[in-house]
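Novice: Sequence plus predicted model, see below.
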Amino acid sequence: MEFKIRPLKKEEIPAVASVYTKSFNQAGIGEEWTQEKAEEFMTWWFKHQPDLFFVAVHKEKLVGGIVAGIKPWWDGQHLVDLELFVHPDFQKEGIGKELVKTILQEAIRKYEIVEFEGLADKTHEFPLSWYKKTGMEETSLVHISGKPKKILESLS
């Protein structure tokens, strides 16, 4: 299948949000995105890191995307919080792989990144198994999360 990877254009945010919503809502990982919330999220990313926001296009239709941020760290620049998504109808066509290659190459070229950091739900085989096939590894770090009001109550 032919597709092209290129930077996202601001006016494509609604289209990229639609692909994001379909991708994550059908993944069965417990995220339930609305078009409105996805547009808000994609707009935030576009404002935050537009130079690392790429889309995959097939026959002039947006079918996937990737974005991540740059974080300075003690050992150099890290690529963090990667969001990778491909429309369910276009998965398993090599689009995700090319999107990851594109963002890594650009982040190395532009920011000289030394590390990639991301999150994947280990209770679901996919996409964790896919990330492992690409050479990424699980670490000893534990993702922590909590509701702010509950944390404040616990600290009182």
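Specialist: Cool, the structure landed.

Novice: Please identify which helix or strand holds Glu137.
Specialist: Under the criterion DSSP states H and E, no helix or strand holds Glu137.

Novice: could we number from 167 for the rest of this?
Specialist: Shifting the count to begin at 167 puts that one at Glu303.

Novice: longest helix in this protein, by residue count?
Specialist: When the chain is parsed with DSSP state H, its longest helix is helix 261-277.

Novice: Name the strands paired with the helix or strand just after that helix and say parallel or antiparallel.
Specialist: As assigned by DSSP H and E, the chain's next helix or strand after helix 261-277 is strand 281-283. Counting by DSSP bridges, the strands paired with strand 281-283 are strand 242-252 (parallel).

Novice: residue contacts, Leu250?
Specialist: 230-232, 262, 265-266, 293 (C-beta atoms under 8 Å, 6 or more residues apart in numbering). All C-beta spots, glycine's among them, are computed from the backbone N, C-alpha and C.

Novice: ok, 10 Å please
Specialist: By C-beta atoms under 10 Å, 6 or more residues apart in numbering, the contact list for Leu250 reads 189, 230-234, 261-263, 265-266, 269, 284, 293, 296-297.

Novice: Kindly report the same for Glu198.
Specialist: Neighbouring residues of Glu198 by C-beta under 10 Å, 6+ apart: 187, 190-191.

Novice: on that earlier part again, which parts of the longest helix of the chain are buried?
Specialist: Within helix 261-277, the residues that count as buried by 16 or more other C-beta atoms under 10 Å are 261-262, 264-266, 268-270, 272-273, 277.

Novice: From those residues, pick the one nearest Met167.
Specialist: Of all the buried residues of helix 261-277, Met167 sits closest to Ile261, with 8.2 Å by C-beta to C-beta.

Novice: Cross-check the contact I'm expecting between the closest one and Phe169.
Specialist: Yes: assessed by C-beta atoms under 10 Å, Ile261 is found in contact with Phe169 at 5.9 Å.

Novice: what sits in contact with each of those two?
Specialist: 222-224, 229-230, 252.

Novice: Widest-spaced pair of those residues?
Specialist: Val223 and Val252 (12.0 Å).
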